[in-house]
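Chemist: Quick one, structure for this:
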Amino acid sequence: MSKLETNTIDNISGSSTLTIGDSNTSTIALKSGATLTNFPANTPAFFSYASASQSYSTSNTKIQLNTESFDTNSNFDTSNYRFTPTTAGKYFIYGQIFIIGPANFYGNALIYKNGGSEVWQGSNNSSTNADFSIQVSAIVSMNGSSDYVELYGRNNSSHSTQQGSQFTYMTGYKLIGA
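Modeler: Coordinates of the predicted model:
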């Protein structure tokens, strides 16, 4: 094995492609602890949650996600409870609503895009008193300027969500290469 020591590798003038290795190369190894820079990242990204319980009923109700664990680009609005990314692309969005549920309960979690239902997921139909969570996820195309997503819930009678970051929340991030 030979060793090449240099500070810069660059392509030839007039070319915009730099190839490392050939068709026989299947692995490029970096030393332990090495840092790669200037690569795409899964940002913007956020994690927002409800800091208080919220009652909602049979009509679709926006979940009040008023607290953030993180928000890489300050794109989550904790007063309007929505994520509006400033970078166009496809985003993985995931929401969970934790329900304080009675017997014979049915509920839905919904991801809304621009004020309309994008994706929804039904959940538990419990015959006994039980607290449970409803999850929903989607890959949503966002234009990076005016598109936004929100978490909504509905159930078959008036019940409450449970507060706290491990209970009722929405999270998301930009997908790389999608």
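Chemist: residues near Gly153, how many?
Modeler: 25 (other C-beta atoms under 10 Å). For the C-beta atoms, the positions are set from N, CA and C on the backbone; glycine is no exception.
Chemist: How about it, nearest residue that isn't a chain neighbour?
Modeler: What sits nearest to Gly153 in space, not counting adjacent residues and going by C-beta to C-beta, 6 or more residues apart in numbering, is Ile97, at 4.6 Å.
Chemist: wait, doesn't the one you found sit right on Gly107?
Modeler: Yes: using C-beta atoms under 8 Å, Ile97 makes contact with Gly107 at a distance of 7.1 Å.
Chemist: Looking only at neighbour counts, state which of those two leads.
Modeler: Counted by other C-beta under 10 Å, Ile97 and Gly107 do not tie: Ile97 has more neighbours, with 29 against 24.
Chemist: helices or strands next to the helix or strand harbouring that one in the packing?
Modeler: Assigned by DSSP states H and E, Ile97 falls within strand 89-101. Under the contact definition 3 or more C-beta pairs under 8 Å, 6 or more residues apart in numbering; DSSP states H and E, strand 89-101 sits against strand 105-113, strand 116-126, strand 130-142, strand 149-155, strand 159-161, strand 169-174.
Chemist: Show me the one of the ones you listed that comes nearest Asp77.
Modeler: Closest to Asp77 of the helices and strands packed on strand 89-101 is strand 149-155 (C-beta to C-beta; 9.7 Å).
Chemist: By average pLDDT, which secondary structure element in this protein comes out worst?
Modeler: Counting by mean pLDDT, DSSP states H and E, the weakest-scoring helix or strand in the chain turns out to be strand 159-161, with a mean of 65.
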